[in-house]
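Visitor: quick one: sequence plus predicted model below, questions after.
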Amino acid sequence: MTFIHWRYPPDLVRRLVPACLTLETYDGAAWVGLTPFLMEGVRVPGVPALPGLSTFPETNVRTYVRDGRGRSGIWFLSLDAGRLVAALGGRAGYWLPYFWSDMSVRSDGAHTRYRCRRLWPRGGEAWCDADVTAGLPLEPGERDGIASFLTARFLLFTRVAGRLAGAPVEHPPWPLRRARLTDLDQCLLQTAGLPAPSGPPLVHASPGVPVRVGMWRW
C-alpha cells in the first residue's frame, strides 16, 4: 500500500464532506490522500477466499473527519476497485462511492507501478498511474505526528439511507517506509471535485497489514 497525501485549504475540502462531520486538519491544512494498494484474501466471515475474486487492486481518494461524538475517521471521496463484484458489493453493502476500474499492481523490488482506468459508471473519465519507490523504514519517533494522523484510522464513515453511519476498522499499526513518487498521472482528485494538487506530496509505503472491517453502526 502507498499513501500519497497533499495539503489542501480546508475550505476546498469542507464542501465535499457532509455538514454533520467536522473536517480534521493538521498543521492548519486539510489532507487528501490518494491511496493505491493491493487487496489479498478478501472474504466475508465464515466464507473462504475465492480464487480470482479475493485478490484485486484498489485506489481510494480520502480525507479525514470527526463525527459529533468526537470519533475520528475517514471520509471517502471515491474508491476504485479492480473487480466488478467488489465495486457492486461496496456500493450495495457499504453505501460507499465505489467504481469498477481496469487496474494492476506490479512490484519489482522497492519499485511499484499502479495503474487504474475507470470503467463504470461513467467509464473513461478518470485514471491514475503512479510509480513509487520505497525507501528506509520510519524511525520510531517519525511514526508520531503527521504519519499517525494520516494512517492510524479505525473508523469509516458513510451515509446509509441518508443517515450518518460508521464502520469500525481493526488493524495493527502500519509498518511505514519513506517513499518517493517517481511518476504520477492522475485525475481522480479532480474528478472527485478538487483542484489538481500542487506542491510535492508526502508519501509513505507499506508492505501491508491484515485488516478487518465491521458492519455499519449508527
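Guide: All right, it came through fine.
Visitor: ok, for Asp67, nearest residue in space, not its chain neighbours?
Guide: For Asp67, ignoring the flanking residues on the chain, the nearest one in space by C-beta to C-beta, 6 or more residues apart in numbering is Leu21 at 5.9 Å. Backbone N, C-alpha and C define where each C-beta goes, glycine included.
Visitor: thought that neighbour was touching Thr63?
Guide: No - checked against C-beta atoms under 8 Å, the pair Leu21 and Thr63 is beyond contact range at 9.8 Å.
Visitor: so what's in contact with those two at the same time?
Guide: Trp75 (C-beta atoms under 8 Å, 6 or more residues apart in numbering).
Visitor: for those two, indicate the residue with more neighbours.
Guide: More crowded of Leu21 and Thr63, by other C-beta atoms under 10 Å: Thr63, with 25 against 19.
Visitor: Leu199 - how many residues pack around it?
Guide: Actually, residue 199 is Gly. It isn't Leu. Residues within reach of Gly199, counting by other C-beta under 10 Å, total 7.
Visitor: tell me if it really is in a helix.
Guide: No - assigned with DSSP: H, G, I helix; E, B strand; the rest coil, Gly199 falls outside any helix and is coil.
Visitor: hmm, it is touching His5, no?
Guide: No - assessed by C-beta under 8 Å, Gly199 is found out of contact with His5, at 11.0 Å.
Visitor: per-residue pLDDT, the residue nearest to Asp67?
Guide: You'll see Leu21 listed with a pLDDT of 98.
Visitor: any idea how far Pro210 lies from Cys116?
Guide: The spacing between Pro210 and Cys116, counted by C-beta to C-beta, to the nearest Å, is 24 Å.
Visitor: the two: which has the busier surroundings?
Guide: A direct count of neighbours by other C-beta under 10 Å for Pro210 and Cys116 places Cys116 higher, at 25 against 9.
Visitor: that one: what secondary structure?
Guide: strand.
Visitor: regarding this structure, what is its longest helix?
Guide: What stands out as the longest helix in the chain, according to DSSP state H, is helix 84-94.
Visitor: and the next helix or strand past that helix?
Guide: Downstream of helix 84-94, the first helix or strand assigned by DSSP states H and E is strand 98-108.
Visitor: show me what that next one is in contact with.
Guide: Contacts of strand 98-108 (C-beta under 8 Å, 6+ apart): 36-38, 56-59, 78-84, 86-88, 90-91, 112-121, 126.
Visitor: go again using 7 Å as the cut-off
Guide: Strand 98-108 has contacts (C-beta atoms under 7 Å, 6 or more residues apart in numbering) with 38, 57, 78-82, 84, 87, 90-91, 112-121.
Visitor: so how do I select the buried members of these in ChimeraX?
Guide: The ChimeraX selection below is limited to those of the contacts of strand 98-108 classed as buried (16 or more other C-beta atoms under 10 Å):
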select :38,57,78,79,80,81,82,87,90,91,112,113,114,115,116,117,118,119
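Visitor: so where do the strands sit in the chain?
Guide: 2-8, 22-23, 25-26, 29-39, 56-66, 72-81, 98-108, 111-120, 127-137, 155-160, 163-170, 177-186, 202-205, 212-213 (DSSP state E).
Visitor: let me know the average pLDDT across the third one.
Guide: So the one you mean is strand 25-26. If you average the pLDDT over strand 25-26, you get 98.
Visitor: great, nothing more from me.
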